[in-house]
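Q: Sequence first, predicted coordinates after that:
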Amino acid sequence: MCESSGLSISVIPFNNPPCEFKYGIYAESSACSTNYIKCEEGYPYLQPCEPGLAYDDRVHKCNWPDELKDIGCNSEAIVGFKCPDSVDPHSVAAKFWPYPRFPVPGDRERLITCVDGHPRLISCGDGKLFDEASLTCLGPEDYTDKY
């Protein structure tokens, strides 16, 4: 029950599992999942998280899988990459240590960053592309001559 300015509004549960209410976001299951359920008008719709993320029911949004180890999330399985224990000290990846970066094969719009030994899939965003030589995301003004 919510009361403000003399108005009284009740939130009435909706009985259409998995939708507890007409509108809401719910976990697909109690296990680690890269999907969630979004209820609109009481109808459930399966929604995917962005690539590399898993649904976190505690904050009702997708999160890094290494933040969800307590529900069995495995970031290596979700991202499809195992972070190395070390990198060649003369490599470009070493300049980003302790958060080395790596390319995603066949995907120039993303990169993998290892955080505390766990892979995270990062999007370059805003029309940028990942440059394997510098291990950075470059804007169109930087990569037009290269690609």
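A: That came through, no problem. Residues are numbered from 1 along each chain as shown.
Q: Which residue is the nearest non-sequential neighbour of the residue nearest in space to the middle of the chain?
A: For the chain, the residue sitting closest to the mean C-alpha position, by C-alpha atoms, centre = their mean, is residue 53 at 2.8 Å. In this structure, residue 53 finds its nearest non-sequential neighbour in residue 62, 3.9 Å apart by C-beta to C-beta, 6 or more residues apart in numbering. Yep, even glycine has a C-beta here, placed from its N, CA and C like the rest.
Q: before we move on, back to that, measure the residue nearest to the centre of the chain to residue 45 for me?
A: Applying C-beta to C-beta, to the nearest Å, one obtains 18 Å for the distance of residue 53 from residue 45.
Q: who's in contact with the residue nearest to residue 134 when sequence neighbours are not counted?
A: Nearest in space to residue 134, with sequence neighbours left out and distances taken as C-beta to C-beta, 6+ apart, is residue 92 at 6.7 Å. When contacts are counted by C-beta atoms under 8 Å, 6 or more residues apart in numbering, residue 92 touches 133, 134, 135.
Q: Filter those residues down to just the buried residues.
A: In the contacts of residue 92, burial by neighbour count holds for residue 135, counting by 16 or more other C-beta atoms under 10 Å.
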